[in-house]
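[1] sequence first, predicted model second:
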Amino acid sequence: MRRLTTLFPSEFLKEHAEELGVVERDRKLQIPAFVWAFVFGFAAGESRTLAGFKRCYNSTADETISPSGFYQRLTPTLAEYLRDLVERGLDEVAVPDATAADIDRFRDVMIADGTVLRLHEFLSDQFEARHEE
C-alpha cells in the first residue's frame, strides 16, 4: 500500500484527473479516495459489484455520494484515466532488463464477459437470442 501511495500521490491523482477531464468541478467526488476504493476495496475485494464499489468509496471518502452521482462518474474518460494509471505503474515498477519483455505483452488485454442478460420480450425483435432458452 505504501509503495502504491508513493507511486501515485494524491496531488498527481487529482492533477491527472483534471487534465483528462474526469472531474469537471471540484465538488463531492474525491479522486484519491475513488482510486484507492477501486484498487483496495473493489478490485481486490470479494464482493465485486458496482454497489459494493460505491459502498467502499462512501465508507472511505469524507463526503458520501448519491447512487446516481456515483454511477454517472463511470465513463469512458474514467476508464482512460485508470488505464493511464496502470501504464504509469508498469512504466515505473518494471525493471527494463528483467521484466520488460514479459510485461509488454500485457499492454493490451481484452476481457471477455460471459454475462447473460434477459431482455424484455418487446426487445426480442431487435436483439435475437443466441440460444432458444
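    Now that the structure is in, tell me what you want to look at.

[2] by mean pLDDT, flag the weakest helix or strand of the chain.
    None of the helices or strands of the chain scores lower by mean pLDDT, DSSP states H and E than helix 96-104, at a mean of 58.

[3] does anything pack onto the lengthiest helix in the chain? Which helices or strands?
    In the chain, taking DSSP state H as the definition, the longest helix is helix 76-93. Counting contacts by 3 or more C-beta pairs under 8 Å, 6 or more residues apart in numbering; DSSP states H and E, helix 76-93 packs against helix 2-7, helix 10-20. Where C-beta positions appear, they are placed from N, C-alpha and C, glycine not excepted.

[4] list the buried residues for the last one?
    To tie it back to what came earlier, the one meant is helix 10-20. 13-14, 16-17 (16 or more other C-beta atoms under 10 Å).

[5] can you list contacts of the helix or strand following it?
    Where DSSP states H and E defines the elements, the next helix or strand beyond helix 10-20 is helix 31-36. Helix 31-36 has contacts (C-beta atoms under 8 Å, 6 or more residues apart in numbering) with 5, 8, 10, 13-14, 17, 22-23, 57, 60-62, 73, 82, 85.

[6] low pLDDT regions in the protein?
    Along the chain, segments meeting pLDDT under 70 span 25-27, 42-47, 94-110, 131-133.

[7] hang on, the earlier thing: need the helices and strands packed on helix 76-93 in JSON lines (columns: distance to L117).
    Shown next, in JSON lines, are these (distance: least, C-beta to C-beta, whole Å):
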{"stretch": "helix 2-7", "distance to L117": "34"}
{"stretch": "helix 10-20", "distance to L117": "30"}
